[in-house]
Structures are given as structure tokens and as C-alpha cells.
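Colleague: What follows is a protein structure lacking sequence information:
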């Protein structure tokens, strides 16, 4: 049946209205996009003086915005600041290529302004602790007042620099990403900031360096809860080995307490020796296990309260450039030998104790031709109140076994009754050499034979060290390293 004119008009009106609505929607979206782009390109430089003044007062530091001030609506409403500097001088405390400040939309609707998130890209943080333990001055606001929540913080492509003028080399970290999505401060007027802090986040750094020590692929989950701070798990690569551990701090009491525990598995001996002497050649891998705890506000307090254990071990190691067995074999003809040259690897084990800074490893590892096969090495130390005592420290080459006895005074940076010994298959001493003085300037005594062996000697190569000790000797080494 044919449709009436009215029915035909009604049938065509629906699609027409739909097309018009679609065109109107597209036009509206286009206008919104243009408005957003225009707002993003808008220069809000007139806000710069007020922003600088407010931030300077809040941080207690001189804040400068040297680039553009803009508005970003594409990724949510946010204020963008380019080329921001916090602090004075050529190396400010903080700088960023761009800061993105996102306000809390809920609080904006309620008529108040507060930050929900702060994002920084291309940032650099530089901290210097003075010789007396002082930090850059900061302030602004009542640190003990109630601040229920703080803005989420995100730092991208960030570098950190930290230097303690009293303790040594600068720590550098590059390619870092810091994410702190949740931060709060509890209301407790009588407690310090760290005791009030709660946060949960993560830190990643492509490279961390202190002196010759290089750490790569650092990753740590960060937590803080009312004065209990933790970086766990803590993972990284050091000396081409895999580190897995944790770092904890307790600042709830008057004196901060720290705990560090980690394992470094399968690290390369050559990379480790290159940390002591450049261009060293070696092969083989080792394992290191460390558990330490300490309390204190400064280096002196921490070292005097240091307790824990360090265990280093390895097998089938080879060091190029020195033949230690040959040097021992030539002792009779030259009467000149330095047992410390051989034992240097023994107390190089606890690298974190920095006890080897006064020893010339370059001289040892470039001492000539040949190589040394280290069949087994153990370096185990027990630390009590800052004194690292030998628990099991020895190495065995193809023909000889050496051990160390004594202790290291870490707070005073001195050797305590420290001796390196050549021992026979029973663990009895054949030769020994004492080390005294400080780590930086050690006093190395002449190599001496044991008292009962001062008579005529024949070549150690011909007879072997076991022929030089009496049958009724008392073993000085009874550890885990077996004789060759």
C-alpha cells in the first residue's frame, strides 16, 4: 500500500535528525579539542612570581621557574612548569626539565586547592652533607602538624648525587625512576617526620657508582610505616653477579638502628679485582653473603656498634700476572718474600670494610709473568662492636695453603694482631708475617720462619712445606680450606 505524504516525511525525518546530531557531536568534540590545544599552548607566565614565592616559603629554599608555565588538559588538568630549580649555586638541590602538578579534582569542586600528584621528568637531585653532619637548610610550615595525605610523586629519568664531605667519594645514580603513589604523614605533634611517615613505592636505577664500584639494574620496593623503613626486596647486579637482599631502618627510638642482609651470587673475580686494581686479569666466580646491623647517628657511632657476619667463598679461581707458588719456591735462594702479597686476597674479601685501601694491588697483579690457580678460598669474618675477627680465612693454591689470624678494628681503621701464615697439611705454621698499623698505612713485618725452623733450609719445591714442621706441632688453622 502506498505511503501518504505525511508518513513519508516522518520516515525520512528520523535519519536526518540522526545525521544532524552526529554532525553536532563531531563539531562539539572538535571545538573541545581546539579549546584543549589552545589551553595547553596558553602561556601562564603571569603566575610565575606567585608560584616561586609560595614554593620558596613552603620549602625553605630559593625556587626559580626559568621556563614556561602552562596548562595541560589533555592528560587531566595539570599545571606544567619548565626548567625548575630549587636551591642556589651552579649545582642546585633539585632541578627538573619539567614539573607537572595535578590538583585534586574533588577538592577543587569543594572550593579548595591541593595537589594530588607531582610528576618530574629530566630531574636531578644533589645532596651534600657537611663535615659536621649538616644538611642543606629547609623549612616552611609546621612539620609536626597534621597533614593526612601528600601528593603522589613520580620522578622519571632522574639522576641523584650524594656526597658526604666527611667520608669520601660521591655516590652517583643515573637513569632512575622513583614512584611513590601513596604518601601520608600521621598527626603526631611530638614525633619527628620520619616517625610520622607512611609510604609505599618503588625505585629503579640503571646505574649507581661510588668510586670504582659500579652497580647496575638496581631495583627496590620502598616502604615506611611509623618510623619503620625498608627497601625490600633489594636487587641489583654487581661485578657481573646477582645481588638479592634487604635494607631496614628503625627510627622509632632516640638512636636509629639499621639492618643490611644480602647475597651476591656468582660474581666475577676479574670484575672484583678490577675494583682494586685496574686491568687485572682473572677467571672464576665467587659468592658473598653479608648480614650487618648497627645503631648510630653518624659514621663513628655506626662503626662502633657494627655487628654481623661476612662470608666470601670460591673455588677454581685463576689470577694472571703473578705465580705465587713460584715465589714461595724461590724463598730459599732470595730470602725475600712478602706473604702479604699472597694473603692480600684473604683480607680483600670483606670489601665493604675498605681494609685494603692501603695495599698496592696493581703492583701485585702486574708483578710479572705466570698465573696462580686458587683451588679454594674462604674468607669468613665475625663482627662484634666494630671488631671484625677472623673466623675462617684461608686459600689453597696448587701447592700451598695460606691462612690469616687476627682481627680488624673498623672504628679505628687498624689491624689487631693480624698475621698471614703459610701452613702445612696439618694446619701448622711454617712461615708467618705480621701486619700492624692503620688500613691506610699498614706496617708489614719481615717474613719469618717459625722458631723451631731457624736451622738450614732446603728448597720448598724439593721438600714441601709439610717437611719443615715438627711432628708434634699445634695446628693454627683448622678451617674449611683443605690442603693441596
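Modeller: Looks like it arrived, so ask away. In this text, all values refer to a predicted model and were calculated from it rather than measured experimentally.
Colleague: in terms of contact, does residue 372 touch residue 397 like I think?
Modeller: Yes: using C-beta atoms under 8 Å, residue 372 is in contact with residue 397, at 5.9 Å. Just so you know, the C-beta spots here come from the backbone N, C-alpha and C atoms, and that holds for glycine as well.
Colleague: what sits in contact with each of the two?
Modeller: Any residue near both residue 372 and residue 397 by C-beta atoms under 8 Å, 6 or more residues apart in numbering counts here, and that gives 324, 325.
Colleague: ok, residue 264 to residue 271 distance?
Modeller: Plainly put, residue 264 is 11 Å away from residue 271 if you go by C-beta to C-beta, to the nearest Å.
Colleague: So for those two, which sits in the more crowded spot?
Modeller: Shown here are residue 264 and residue 271; by other C-beta atoms under 10 Å, residue 264 has more neighbours (22 against 16).
Colleague: returning to what we had before: mutual contacts of residue 264 and residue 271, please.
Modeller: Here residue 264 and residue 271 have residue 239 as joint contacts, going by C-beta under 8 Å, 6+ apart.
Colleague: Residue 236 reaches residue 207, doesn't it?
Modeller: No: using C-beta under 8 Å, residue 236 makes no contact with residue 207, being 10.1 Å away.
Colleague: neighbour count winner among these two?
Modeller: residue 236 (19 against 15).
Colleague: Work out for me the element the more buried one sits within.
Modeller: According to DSSP states H and E, residue 236 maps onto strand 228-238.
Colleague: quick one: strands adjacent to that strand?
Modeller: The pairing partners recorded for strand 228-238 under DSSP bridges are strand 213-225 (antiparallel), strand 241-250 (antiparallel).
Colleague: just so I know, which of those lies nearest residue 316?
Modeller: Among the strands paired with strand 228-238, the nearest to residue 316 by C-beta to C-beta is strand 241-250 (15.9 Å).
Colleague: Quick one: residues in contact with that closest one.
Modeller: Here strand 241-250 has contacts from 215, 220, 227-237, 256-268, 285-286, 288, 290, using C-beta under 8 Å, 6+ apart.
Colleague: I'd like the next helix or strand past that strand.
Modeller: According to DSSP H and E, the helix or strand after strand 241-250 is strand 257-268.
Colleague: Just the angle for that next one relative to strand 228-238, thanks.
Modeller: Put simply, strand 257-268 runs at 10 degrees to strand 228-238, going by axes from the mean of the first three to the mean of the last three C-alpha atoms, to 10 degrees.
Colleague: Mind giving me the packing neighbours of strand 257-268?
Modeller: With contacts defined as 3 or more C-beta pairs under 8 Å, 6 or more residues apart in numbering; DSSP states H and E, the secondary structure elements packing on strand 257-268 are strand 228-238, strand 241-250, strand 285-295.
Colleague: Could you look up the next helix or strand downstream of that strand?
Modeller: Downstream of strand 257-268, the next assigned helix or strand under DSSP H and E is helix 269-274.
Colleague: mean confidence for that following helix?
Modeller: Across helix 269-274, pLDDT averages out at 85.
Colleague: moving C-terminal of that helix, what's the next helix or strand?
Modeller: Next in sequence after helix 269-274, counting helices and strands by DSSP H and E, comes strand 282-283.
Colleague: Okay, now the sheet partners of that following strand, with direction.
Modeller: Assessed with DSSP bridges, strand 282-283 is paired to strand 307-320 (antiparallel).
Colleague: Helix or strand next in line after the partner strand, which one?
Modeller: Following strand 307-320 in sequence order, the next helix or strand is helix 324-329 (DSSP H and E).
Colleague: Any chance of the helices and strands packed on strand 257-268 in a markdown table with mean pLDDT and distance to residue 405 as columns?
Modeller: Output for these, formatted as a markdown table (pLDDT from 0 to 100; distance: least, C-beta to C-beta, whole Å):
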| stretch | mean pLDDT | distance to residue 405 |
| --- | --- | --- |
| strand 228-238 | 95 | 29 |
| strand 241-250 | 97 | 29 |
| strand 285-295 | 96 | 21 |
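Colleague: Out of these, the one nearest residue 386 is which?
Modeller: Going by C-beta to C-beta, the one of the helices and strands packed on strand 257-268 nearest residue 386 is strand 285-295, 8.6 Å.
Colleague: can you list the residues that contact the closest one?
Modeller: Under the criterion C-beta under 8 Å, 6+ apart, residues 241, 245, 255-269, 272, 301-303, 305-314, 317, 349, 352, 377, 383 lie in contact with strand 285-295.
Colleague: that older thread, what's the closest of the helices and strands packed on strand 257-268 to residue 479?
Modeller: Closest to residue 479 of these is strand 285-295 (C-beta to C-beta; 16.3 Å).
Colleague: What angle do strand 257-268 and the closest one make with each other?
Modeller: 170 degrees.
Colleague: which residues make contact with the next helix or strand after strand 285-295 from outside it?
Modeller: Once strand 285-295 ends, the next helix or strand along the chain (criterion: DSSP H and E) is helix 299-304. With contact meaning C-beta under 8 Å, 6+ apart, helix 299-304 is reached by 166, 167, 255, 258, 294, 295, 296, 385, 386, 410, 411.
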